[in-house]
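*Asks:* Build me a structure from this.
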Amino acid sequence: MRLVSIIIRDVKPKCFALHPRFAVWSQRPQIYIRKPRLSTHGYGQESRSYFSATTSLDESVNPIDVLLSGLSDDIQEIRRAATQQQRTGDPPPLIQKTELFGKWRALLTDPSRLAVETDFNRRGPAKIRQRRLLVDKFENRGDLALWSCLLDYQKRVNGDSGVATIWKGLWGRKTLYDIQSPLAPVFWQTILEAAVRSKDHKFLSSIWVYSEWMYDTHGVKWPHLYSTVLSHFLRTHQHQQALQWQLRLTPNFYPGADEFASIVKQHVDDRELYRAPTLESLYIVNPDHQLYDTLVPYLYDQGASQLAAKWRRICIRHDDVPLTSVSVRPFLRFLQGYFPHQSLHPDESAAIGDSKFDSVDDAGQIEISREFVNRVHGGTFGISVKKYNDRLGAKWLASSWVSLDIAISTISTLGIDQIGPLSLQSIALREGTSEGVLSRIEQLNDLGISIVDSNYLRLVLHLAKAKDNELLLDLLHSDLHPDVFDDNAIQARLVISTAKSEDWRTHRLMLASRLVAMENSVREVANALARGYILRKDKRGLSKLLDDMKNMGITIDSDQTSLIFDGLVTEAKSTFLPADALYFYLPICRQLAAMEIPVPVRCWRKILFCLARQDKIDDLEKICIELVELFISSQSSRPGFVPVHPEDLPESMRKPLSGVANLLGVYIPLDLPSRIPLHPLRQIFDNKMLGTIVRCSFHSLPNRRNRAVPTLQLRHQPSVDFNGSRVIRLLRMLRNRGLFLDKERLATWVKLRLITLYGPGNPTKRTLQVVRASNILSLSEMKSLLDAAWGEELLPPLEKLQAEIETRGHKVALRNKEYLQAMGKTTPQPRVVL
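*Replies:* Down below sits the predicted model:
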């Protein structure tokens with residue numbers, strides 16, 4: 001009988017219809033199948049159905065041709081679900097071949113006989129039957145195939161209640177403990193799923209008792225008992241039940257640290273489980289505390305850095321420390337950089353190569369000891385410094401008697417900061433897969449070891465990123481020296497000779513090498529064009545070129561981006577940029593950010609200062625909103641992360657990357673709180689920047705002339721076009737979107753502006769004198785306008801505000817008077833100003 005690998009809709013045997021283009025057989029096939037409903041979440045409510053089928057079709061006939069057309073989508077759904085379950089380590093799909101039922105195959109197609117054989121209490125069809133049931137006969141004792149037939153029938157006909165009927169019959173007899181049969185996984189899993197879904201708690205408790213009997217008497221364990229039960233209670237947020245069953249099942253059915261870690265990973269992002277410390281409680285009572293290396297890097301890679309930090313603290317409290325350094329190093333460097341006040345465990349410090357020293361002098365000595373000691377010894381004994389020998393290094397890295405981690409660590413300890421293509425070949429050969437090669441190259445970068453730039457390196461990276469393992473292994477096992485791939489003349493001859501000799505493996509390598517070299521030349525030409533456009537400030541040409549490079553997957557070099565960023569900062573004298581320069585750099589920086597090429601904080605600050613002081617409020621609003629969305633909720637090619645320019649990274653993250661060539665940026669998690677001092681938004685919108693934006697917004701005159709509606713105009717606000725209120729509204733919107741902003745400090749900045757407008761005396765600056773003299777709003781109207789822009793009360797009550805303005809205004813007026821007297825000037829008069 002064929003494997004049932006297609007989905008069949010619910011049909012009755014008497015109504016089974018064949019495709020019109022097929023003749024009807026004299027003997028109609030009998031099929032008793034329910035449509036399986038698979039779920040990628042494992043075992044939800046009726047998520048899977050135990051099902052089998054028998055048919056008398058000819059073996060040469062393809063069942064897909066017989067069934068109704070239109071089933072292909074359902075077939076793909078079954079296969080995708082099965083693949084997903086295999087990846088996640090769940091039990092296999094509940095689908096079987098009917099031939100596995102052996103002598104009971106005919107029983108599958110006899111519903112009347114099945115109804116009798118499953119009437120264990122003899123209250124139904126078996127009531128008038130005098131003979132013993134099949135399961136009670138001695139020769140059928142422990143026959144899993146027979147019980148599977150009965151379970152198949154009851155599951156199809158009565159669902160979970162039918163499964164409970166089978167379980168009661170099995171429970172009273174205790175004759176079954178087979179877990180090796182091909183039918184066993186489906187049989188035991190179907191019963192277990194029905195038990196965890198049942199409202200009768202005795203059902204699951206009886207399964208536990210039965211499983212203890214199986215283990216104690218026959219030394220076998222109920223398959224997937226621990227993972228299924230715990231996953232169900234975690235998924236349904238039953239805290240007490242999860243803990244209770246953890247304690248019950250752990251002594252005899254604990255599956256090991258790896259499967260426990262897998263269960264926690266599946267539910268670790270469920271916020272509901274943290275209201276009551278369910279997962280933490282399970283971890284505490286768990287016999288193995290080995291989650292650090294598995295869970296913390298996993299959470300960080302998902303962009304959940306705060307959740308990773310939470311689990312790190314839990315693990316450290318229970319002496320669960322990192323055992324491998326490579327996987328946890330990115331998170332620990334991130335933690336050390338953005339949360340420097342958090343001390344690391346000694347094992348964590350060792351993982352990132354950060355040791356604690358008694359004094360600064362000792363630290364300096366250790367820091368330079370990698371190469372310095374060798375040079376001192378060489379100078380003392382007259383031995384000249386030796387350069388890294390790529391051939392000898394390749395032999396060392398290829399040695400099978402030492403692990404690859406130790407071999408690479410040894411090279412790093414010796415102070416070697418660059419290896420050649422032969423060493424790369426040895427490392428890649430020992431890994432053997434694309435993922436392993438990329439992981440090792442990343443490990444070398446983390447250790448500050450670069451690889452000599454060559455076509456061989458580019459070809460290895462190209463094949464590894466394309467996951468072409470076959471061609472990658474051909475390259476690594478090739479007899480060709482890596483230098484051959486840098487010689488175009490030799491490659492041209494090899495292309496011709498390998499084609500003539502039909503050496504297709506080498507021929508493919510040569511073609512792939514030429515393709516990579518061509519891509520490299522295209523990149524060089526594109527970057528040369530970009531440099532020319534930047535120097536000529538050709539905005540249209542550069543923008544078009546960047547679009548083309550993005551569409552073609554060509555990366556702009558860091559030299560060109562540095563030319564843009566340095567040019568912007570250099571041309572921005574203090575905080576002023578000519579209009580042509582401003583509107584050249586601004587759209588280019590926005591386009592680079594859209595391409596996930598991070599722009600330094602210093603450039604964004606220059607642009608914002610220029611927009612604020614040059615009274616370009618519309619552009620200021622747009623760029624502020626874009627920046628907050630970029631660092632709070634952007635969707636990048638690495639979900640949950642946002643790219644940051646290397647110069648804006650903390651020292652602990654930037655230092656290990658000093659040797660990486662053409663580094664455009666580094667991804668950091670989006671969930672990093674914006675209140676952190678080193679957060680990019682906090683660096684851009686610091687107190688100086690926010691104070692300047694507020695101060696400059698009050699330089700424009702409040703007036704009642706009808707103008708275009710501002711970008712962020714509220715529905716119910718006074719009909720006054722005023723940049724000050726627009727900025728307050730903008731800041732409230734940015735705060736709502738995640739920007740850290742102190743309301744009290746903002747109110748202080750606004751009060752300083754109100755002192756200029758309403759306080760005693762006159763300001764010393766000419767622009768402020770004009771603003772004060774031309775103001776048409778009363779203090780009450782101004783307060784109402786600003787409070788409406790903020791959305792709630794921003795300033796204190798009017799009487800308190802007026803008193804504060806008078807008190808602080810006298811102090812400001814006195815300081816201004818003293819300043820003017822020191823400068824030999826007089827206090828300006830209102831009539832002179834007007």
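*Asks:* ok, and what's touching stretch 325-336?
*Replies:* 292-293, 296-297, 300, 305, 308-309, 312, 322, 342, 344, 348, 350-352, 354, 405, 439, 443, 446, 650, 652-653, 656, 668-669 (Cβ atoms under 8 Å, 6 or more residues apart in numbering). Every C-beta, even on glycine, is put in place using the N, C-alpha and C of the backbone.
*Asks:* Going through the residues you listed, which ones are buried?
*Replies:* 292-293, 296-297, 300, 305, 308-309, 312, 322, 344, 348, 351-352, 443, 446, 650, 652-653, 656, 668-669 (16 or more other Cβ atoms under 10 Å).
*Asks:* Tell me which of these fall in strands.
*Replies:* Ile668, Pro669 (DSSP state E).
*Asks:* how about Leu424, what does it touch?
*Replies:* Ile441, Ile451, Tyr456, Leu457, Val460, Pro482.
*Asks:* Tell me the bridge partners for the second one.
*Replies:* Counting by DSSP bridges, Ile451 forms beta bridges with Ile419.
*Asks:* I'd like the distance between it and Asp686.
*Replies:* Note on Ile451: its distance to Asp686, by Cβ to Cβ, to the nearest Å, is 39 Å.
*Asks:* So between the two, which is more surrounded?
*Replies:* More crowded of Ile451 and Asp686, by other Cβ atoms under 10 Å: Ile451, with 20 against 14.
*Asks:* Tell me which residues are up against stretch 440-450.
*Replies:* With Cβ under 8 Å, 6+ apart, stretch 440-450 has contacts from 326, 329, 404, 408-409, 411-412, 416-419, 424, 427-428, 431, 451, 461, 656-661.
*Asks:* longest single helix anywhere in the chain?
*Replies:* The longest helix of the chain (DSSP state H) is helix 504-536.
*Asks:* Could you point out the helix or strand that follows that one?
*Replies:* helix 539-552 (DSSP states H and E).
*Asks:* Tell me who's in contact with the closest residue to Ile534 other than its chain neighbours.
*Replies:* Computed as Cβ to Cβ, 6 or more residues apart in numbering, the closest residue to Ile534 that is not its neighbour in sequence is Leu563, at 5.3 Å. Listed by Cβ under 8 Å, 6+ apart, the contact partners of Leu563 are Arg531, Ile534, Leu535.
*Asks:* Return the distance of the helix or strand harbouring Leu563 from the chain's centre.
*Replies:* Assigned by DSSP H and E, Leu563 belongs to helix 558-571. Relative to its parent chain, helix 558-571 has a centroid offset of 31 Å by Cα atoms, centre = their mean, to the nearest Å.
*Asks:* before we move on, what about stretch 117-126?
*Replies:* On Cα atoms, centre = their mean, the centre of stretch 117-126 falls 55 Å from that of its chain.
*Asks:* just stretch 563-572 next, same as before
*Replies:* 33 Å.
*Asks:* again, but for stretch 244-254
*Replies:* Distance, centroid of stretch 244-254 to centroid of chain: 32 Å (Cα atoms, centre = their mean).
*Asks:* Need the pLDDT of Gly379.
*Replies:* On pLDDT, Gly379 comes in at 50.
*Asks:* got it, and the one 4 residues further on?
*Replies:* Residue-level confidence at Ile383 comes out at 49, pLDDT.
*Asks:* Could you do Leu71 as well?
*Replies:* Per-residue pLDDT puts Leu71 at 32.
*Asks:* what's in contact with stretch 753-764?
*Replies:* With Cβ under 8 Å, 6+ apart as the criterion, stretch 753-764 contacts 694-695, 698, 724, 768-769, 771-772, 775, 779, 782, 801-802, 805-806, 808-810, 812-813, 816-817, 819-820, 827-830, 833.
*Asks:* Just the buried ones from those?
*Replies:* Buried residues within those, counting neighbours by 16+ other Cβ under 10 Å: 694-695, 698, 724, 768-769, 771-772, 775, 779, 782, 801-802, 805, 808-809, 812-813, 816, 828.
*Asks:* Narrow these to those in helices?
*Replies:* Going by DSSP H, the helices hold 694-695, 724, 768-769, 771-772, 779, 782, 801-802, 805, 808-809, 812-813, 816 from the buried ones among the contacts of stretch 753-764.
*Asks:* picking that back up, mind listing residues that contact the helix or strand that comes right after the helix holding Leu563?
*Replies:* Downstream of helix 558-571, the next assigned helix or strand under DSSP H and E is helix 579-594. Outside helix 579-594, the residues within contact range by Cβ under 8 Å, 6+ apart are 537, 539, 542-543, 546-547, 556, 561, 564, 567-568, 571-572, 577, 598-599, 603-604, 607, 610-611, 614, 619, 623, 626, 630.
*Asks:* Show the average pLDDT along helix 579-594.
*Replies:* 93.
*Asks:* If you compare the directions of that helix and helix 539-552, what angle comes out?
*Replies:* 10 degrees (axes from the mean of the first three to the mean of the last three Cα atoms, to 10 degrees).
*Asks:* Tell me the buried residues in helix 579-594?
*Replies:* For helix 579-594, a neighbour-count test (16+ other Cβ under 10 Å) marks Ala581, Leu582, Phe584, Tyr585, Leu586, Ile588, Cys589, Arg590, Gln591, Leu592, Ala593 as buried.
*Asks:* Please enumerate the strands of the stretch 651-800 of the chain.
*Replies:* Taking DSSP state E, counting those that start in this stretch as the test, the strands found in the stretch 651-800 of the chain are 666-669.
*Asks:* what sits against the most centrally placed residue in the chain?
*Replies:* Nearest residue to the geometric centre of the chain (Cα atoms, centre = their mean): Gln302, 2.8 Å. Contacts for Gln302 (Cβ under 8 Å, 6+ apart) come out as Asp269, Pro639, Gly640.
*Asks:* How about the contacts made by the closest residue to the first one other than its chain neighbours?
*Replies:* This means Asp269. Nearest non-adjacent residue to Asp269, counting by Cβ to Cβ, 6+ apart: Ala304, 6.5 Å away. Contacts for Ala304 (Cβ under 8 Å, 6+ apart) come out as Asp269, Gly640, Pro669, Asp671.
*Asks:* and the gap between Ala304 and Arg458?
*Replies:* Ala304 is 34 Å from Arg458, by Cβ to Cβ.
*Asks:* again with Arg523
*Replies:* According to Cβ to Cβ, Arg523 and Arg458 sit 10 Å apart.
*Asks:* Also Leu429?
*Replies:* 18 Å.
*Asks:* repeat for Asp474
*Replies:* Asp474 is 16 Å from Arg458, where distance means Cβ to Cβ.
*Asks:* can you check Arg197 too?
*Replies:* Counting by Cβ to Cβ, the gap from Arg197 to Arg458 is 55 Å.
*Asks:* which one of those two has more residues nearby?
*Replies:* Shown here are Arg197 and Arg458; by other Cβ under 10 Å, Arg197 has more neighbours (19 against 16).
*Asks:* what about the residue lying closest to Leu509 once chain neighbours are set aside, neighbour count?
*Replies:* Nearest non-adjacent residue to Leu509, counting by Cβ to Cβ, 6+ apart: Leu475, 5.7 Å away. Number of residues near Leu475 (other Cβ under 10 Å) recorded here: 24.
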